[in-house]
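[1] my questions are about this predicted structure, shown below with the sequence.
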Amino acid sequence: MAIKVVIKIFFFIFAGRIKFKKQYEIIMKLVLRILLVAAIVALIYLCIQSIMTPIHFDQQQKAREKAIVERLIEIRNAQIGYKNQNGIYAANFEELQKFLNETKIPFLVKEGELTDEQLKSGMTEQEAVKKGIIRRDTNWVLAKDTLLGAGYNVASIGKVPGFEDNTFLLDTATLSSSSGYTVPVFECGVYYDVYLGDLDKQLLFNLKDKATKLNRYVGLRIGSITEINNNAGNWEF
């Protein structure tokens with residue numbers, strides 16, 4: 001009788017282990033499937049990111065540089081106006097802002113124009129002015145209104161668009177031309193780190209490394225204090 005009891009106990013224990021083993025195998029298969037799906041999803045995400053990250057970087061760079069280039073062109077126009085009045089370029093934005101806000105420069109107003117018949121007859125504009133056909137008046141207008149347009153916020157001219165806590169780097173110098181003339185020059189720029197620093201670090205490093213190897217300014221810039229380039233922007237060549 002005791003033997004029969006022992007046999008039954010052994011049977012139940014053995015059967016329980018078999019059942020547990022099967023359940024364990026089912027659970028492990030389920031876990032492995034979940035891990036496999038998770039790995040596939042992660043791989044797909046990484047693939048998408050590897051494609052989208054450069055696209056996002058390029059889009060952001062173009063959008064930000066568009067606004068920065070516009071500001072640099074405004075600075076160039078203001079500096080040219082300053083030089084026309086003073087013979088040199090403004091050494092800092094405080095001087096440039098004071099010029100724009102306080103100095104009046106001549107603005108030529110022209111009314112009327114020669115007709116085709118008058119042009120065919122050989123009439124010049126000077127003759128037309130004397131006869132009253134064309135009227136020319138010189139008005140004195142604030143530099144900011146003439147050079148940058150009415151309502152321009154002069155206080156913002158030195159700020160990097162979209163990154164107003166940062167100011168453009170501005171410097172001036174005097175160089176000698178190949179013909180021996182002394183030429184005042186200036187340069188104004190902003191580094192990639194300032195306006196692209198929050199984007200992908202590797203792509204930013206690649207951009208900076210390329211500029212360095214090509215011996216180019218590591219950012220956007222107008223003018224130069226080491227060469228006479230007619231205040232060209234480095235995106236223009």
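    Yep, that arrived. Residues are numbered from 1 along each chain as shown.
[2] wait, what's in contact with the closest residue to Gly112 other than its chain neighbours?
    Leaving aside its chain neighbours, Gly112 sits nearest to Ile134 (4.2 Å; criterion: C-beta to C-beta, 6 or more residues apart in numbering). (Glycine included, C-beta is placed from N, CA and C.) The contact partners of Ile134, taken as C-beta atoms under 8 Å, 6 or more residues apart in numbering, are Lys110, Glu111, Gly112, Glu113, Leu114, Glu125, Ala128.
[3] gap between Ile134 and Met123?
    10 Å (C-beta to C-beta, to the nearest Å).
[4] bridged to Ile222, which residues?
    Beta bridges link Ile222 to Cys188, Gly233, judged by DSSP bridges.
[5] gap between it and Asn77?
    Per C-beta to C-beta, Ile222 is found 10 Å from Asn77.
[6] those two: which has the busier surroundings?
    Ile222 (24 against 14; other C-beta atoms under 10 Å).
[7] is it true that the more buried one touches Val185?
    No - in this structure, Ile222 is not within contact of Val185 by C-beta atoms under 8 Å, at 10.8 Å.
[8] wait, Leu175 touches Asn229, no?
    No - in this structure, Leu175 is not within contact of Asn229 by C-beta under 8 Å, at 10.3 Å.
[9] in stretch 229-237, what's buried?
    Asn231, Gly233, Asn234 (16 or more other C-beta atoms under 10 Å).
[10] residue nearest the centroid of this structure?
    The residue lying closest to the centre of the chain (C-alpha atoms, centre = their mean) is Glu65, at 2.2 Å.
[11] now that one: closest residue in space, sequence neighbours ignored.
    Leu220 (6.2 Å).
[12] show the average pLDDT along the helix or strand harbouring the one you found.
    Take DSSP states H and E as the rule and Leu220 turns out to sit in strand 219-223. The average pLDDT within strand 219-223 is 98.
[13] what touches both of Ile134 and Met123?
    Joint contacts of Ile134 and Met123 (C-beta under 8 Å, 6+ apart) are Leu114.
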